[in-house]
Structure formats: C-alpha cells, structure tokens
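Participant: Here you go, sequence then predicted model.
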Amino acid sequence: MIFLGPSNTAGKVESAFVFIVATSVILLAIITFFMILFLIKYNKKRHPQHETVKESTALEIIWTVIPTILVLLMFYFGWVNFDFIRNPPKNAIPINVIARQWTWLFEYENGKQSDVLRVPVGKPIKLIMTSQDVIHSLFIPAFRIKEDCVPGMKTHLWFNANDIGTYDIFCTEYCGVGHSHMLSKVVVMQAKEFENWFATVAGAAPVNIGAKLLQDKGCLACHTTDGTAKVGPTFKGIFGKMVTVLTKGKERVIKVDEDYLKRSILQPEADIVKGYPPVMPAIPVTSQELETIVDFLKTLK
Ligand SMILES: [Cu+2]
C-alpha cells in the first residue's frame, strides 16, 4: 500500500493510518452484520426453545488467528514506518531550527537565516531543533510530522518533499500568549531556484536593514508596522507618541523618545505600556543593531 503525499513521510504515515482504519471499518461491518443477522434469526418468536451450541475448534482457531495476524500487521506497518521517519539518511541537508517566543528561525549550513523554511524538492532535509526559552513543537501537518523543540536539547525531524508548494508550520505546544501567532511556512522550491536563494549570502543587499532586524529578532511576532495591535502595541507612528506606561506598578504618561525605545528593547519589563501583558523577553542586540532598529522605528510614521 503506497500513498504519495506532499512528502515521503506523509506517504508512510498515511499508509499505516489507512491500513488501520480500513481493517477496523471492515471488521465493524462484518461484526455488525452478524449481530443483526443473529438478532433476527434467533428471535424468541422464531426460536421458542433454546439450543445448545457445540464447540468448534476450527472456528475458534480462525477467530483467534485472523485478528492476531491483523493486529501484528498493524504493528508491523506502524513500526517500520516509525523507524523510517525517525532515522534520517546520511546525505540529508541539515537545517537548524530555533524556536523562541513566538517565532521560528531556520539557519542553513552557510549561516543564512530565514523565518520561513525554504527547501529544495526531492532532497532529504534534516531539521535539527532546539528552543531558546520554553518548550515548543514544530508541526508540518501536510508532511504528517511533529516534534518538540526543547531548551538545552537537540531533537530532529526529516522529510523529503515530493511537490513544489507552500505548506503550513504550526507550534503545537502551548508556549504563552503569542502561541497562536507562532506560524511559518515550508516553501518547497525547484532545486535550481533553491540553489540560487541559498547562494545569496545572508543579509546581502536587504531592502532595509532595520526592517530585516525586526524580522530576524522576532519582533514582528508580537508587533506590527501597519497600525494593528497584536500581543504588543504597533510600531506605526510610535516615535514621539504620548503613551501611558506602568513603571514599577505606577502609571505615568511619557513621550516615546530614543531612550524609551532602547530601554524597551533591552529591559522590556521596565515600562509596560498600559493594556498590554508584561510578557516581552529582553532582546539580545549589539549596540549597532540597537541604533539601527531605533532609527528604523523613527521612520514608521
Ligand atoms: Cu511555541
């Protein structure tokens, strides 16, 4: 039983699943059929006298052996496919996955980083996963694979994509307020196209370094630049704005200036904007990166 899905792993999981479901449905139909048949055939009106059923060794052997074979086949398909899914081939392309509240970061062999997982079609890919804060779980429903990302530990997944396309990535371990925003995509590309993308060195000629930093540091998981509020306030028009903040539990109104922006990145718990949860982690940035981010935030009118 071979099922082709968007990845080799999807096919494996699907064949085990379909075998178990199909066997169960067939057995259910047979058992239900005989139940109804006996209900009619041995109804009291037709059979006022009870009959003694004689034992049948042949029948007992049949109804012991057949289910045993079926259950062992279920185990066999489950085991063989599980073993296949847990053991990536040696030539698999390694990609580091870093999960953090509340974004995914994918890091390639040449140091290139991306917030979407780009992979070539028809090549085995090994994801080497960890977390920077709490337990997350990487789930690619279309590929039927899922694994936890645990701080201080390396876990892995692998797959070989069959079709070009874009597939969803979810976090399936409740990891805090931004959990439902922790989304990404797998983009399966033509091998040539992937090579070109992979070869362009990280950060070469970005449209805007500030915008790229916001993306790379995971800021955009909770803040937008278009005026809508997410987990945190929007960046649009932030510079020069008057905001009410809670400083050590006390309310005060301040004007957003450079100092405030820098403090909010390095010590997010110092001033919490009123109406938002105090959940932002301190963001590791170099002083150069800090200047670039603040300069960029000033332009978001
Ligand atoms: Cu998560």
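Facilitator: It's in.
Participant: what's Ile238 in contact with, if anything?
Facilitator: Val256, Leu261, Leu297, Leu300 (C-beta atoms under 8 Å, 6 or more residues apart in numbering). (C-beta placed from N, C-alpha, C; glycine too.)
Participant: Report the secondary structure state of it.
Facilitator: In three-state terms, and counting by DSSP: H, G, I helix; E, B strand; the rest coil, Ile238 is coil.
Participant: report the longest helix in the chain, please.
Facilitator: helix 8-41 (DSSP state H).
Participant: Please state the offset of it from the chain centre?
Facilitator: 31 Å (C-alpha atoms, centre = their mean, to the nearest Å).
Participant: Could you give me the buried positions within it?
Facilitator: Judged by neighbour count using 16 or more other C-beta atoms under 10 Å, the buried positions of helix 8-41 are Asn8, Thr9, Ala10, Gly11, Lys12, Val13, Glu14, Ser15, Ala16, Phe19, Ile20.
Participant: ok, back up a step: got the contacts of Ile238 as TSV, with neighbour count and secondary structure columns?
Facilitator: Compiled in TSV, those are given as follows (neighbours: other C-beta atoms under 10 Å; DSSP: H, G, I helix; E, B strand; the rest coil):
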residue	neighbour count	secondary structure
Val256	20	coil
Leu261	19	helix
Leu297	22	helix
Leu300	18	coil
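Participant: ok, these vs Tyr42, which is closest?
Facilitator: Nearest to Tyr42 among the contacts of Ile238: Leu300, at 79.8 Å, using C-beta to C-beta.
Participant: mind listing what the closest one touches?
Facilitator: Here Leu300 is in contact with Thr225, Phe235, Lys236, Gly237, Ile238, Phe239 (C-beta under 8 Å, 6+ apart).
Participant: can you tell me which two in those residues are farthest apart?
Facilitator: Thr225 and Phe239 (12.4 Å).
Participant: And the longest helix of the chain, what does it pack against?
Facilitator: When contacts are defined as 3 or more C-beta pairs under 8 Å, 6 or more residues apart in numbering; DSSP states H and E, helix 8-41 packs onto helix 57-86, strand 155-160.
Participant: how about the residues of the protein near the ion?
Facilitator: Contact residues, the chain versus the ion (C-beta under 5 Å from the ion): His136, Cys171, Cys175, Met182.
Participant: which of these has the most neighbours?
Facilitator: Among the residues of the chain next to the ion, the one with the most neighbours (other C-beta atoms under 10 Å) is His136, at 29 neighbours.
Participant: residue contacts, that residue?
Facilitator: Ala99, Arg100, Asp148, Cys149, Cys171, Glu173, Cys175, Met182.
Participant: 6 Å - rerun?
Facilitator: With contact taken as C-beta atoms under 6 Å, 6 or more residues apart in numbering, His136 is in contact with Ala99, Cys149, Cys171, Glu173, Cys175.
Participant: likewise Leu290?
Facilitator: So Leu290 contacts Lys262 (C-beta under 6 Å, 6+ apart).
Participant: The ion versus that one, what's the distance?
Facilitator: Distance of Leu290 to the ion, given as C-beta to the ion, to the nearest Å: 26 Å.
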